[in-house]
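>>> I'll drop the sequence and a predicted model, then ask my questions.
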Amino acid sequence: MLGTAVALSLIRELGPVLTALMVTGRAGSAITAEIGIMRITEQIDALETMALDPFKYLVSPKFIAAMISLPLLCAIFDVIGIYGGWLVGVKLLGVNPGAYFYEMENSVVWRDVYSGFVKSFSFGLIIAWIGCYKGYYAGHGAEGVSKATTESVVLTSVIILVWDYFLTSVLL
């Protein structure tokens, strides 16, 4: 049953949530800081002065990137985690290699994979949304940007955990 436990825990919960939390710390903070610095250096005001929509040039690409990259990163996380579990189970615990994948194949259904994909996709939207919002409305100066970045990471992490609980109760 080791393959079943590893695969289901990674595909349903650990893969999407841990991927989202790692991306939040790295990319979510970078999104907030980048847009916040553009706000305080009046680059966004310059775009508006030239009659260019800052949302089209600054926010839209980040949403598209998050919607594409987070499910892909989650899939990589899941595959590496499953093979890591196989390696530990077979080499250290003496589990039959065929039994590991056989039980996993019998227990994982499309609904599990679908729920993990929906979670990672929605987490990407949350990361981009909060990062862009906090950066766009960052306070003045470097202190305002650093405060917005910290708030962005903390708020995104909490919302990811709450949204995961909600999606798990709805999807499964």
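Yep, it's here. What you see is a predicted model; the values in this text were computed from it and never measured.

>>> Grab the most central residue of this protein for me.
Geometric centre of the chain, nearest residue: Ala20, 2.4 Å, by Cα atoms, centre = their mean.

>>> Please report the distance of that residue from Ile160.
Separation of Ala20 from Ile160 (Cβ to Cβ, to the nearest Å): 5 Å. (Glycine included, C-beta is placed from N, CA and C.)

>>> and what of Val109?
Using Cβ to Cβ, we find Val109 at a distance of 25 Å from Ile160.

>>> Show me where the protein has its helices.
With DSSP state H as the criterion, the chain has helices at 2-9, 15-23, 29-40, 43-49, 54, 60-87, 97-107, 110-136, 141-171.

>>> Rebuild those helices as TSV, extending it with mean pLDDT.
Below are those laid out as TSV (pLDDT from 0 to 100):
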stretch	mean pLDDT
helix 2-9	87
helix 15-23	95
helix 29-40	93
helix 43-49	89
helix 54	87
helix 60-87	93
helix 97-107	86
helix 110-136	94
helix 141-171	93
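
>>> What residues sit buried inside stretch 46-53?
By neighbour count, and taking 16 or more other Cβ atoms under 10 Å as the criterion, the buried residues in stretch 46-53 are Leu47.

>>> Give me the contact list for it.
By Cβ atoms under 8 Å, 6 or more residues apart in numbering, the residues outside stretch 46-53 that reach it are 54, 57-58.

>>> right, and out of the residues you listed, which lies closest to Ile31?
Nearest to Ile31 out of the contacts of stretch 46-53 is Leu58 (Cβ to Cβ; 9.4 Å).

>>> excluding its backbone neighbours, what's nearest the closest one?
In space, Leu58 comes closest to Ile35 once its chain neighbours are excluded; the distance is 6.0 Å by Cβ to Cβ, 6 or more residues apart in numbering.
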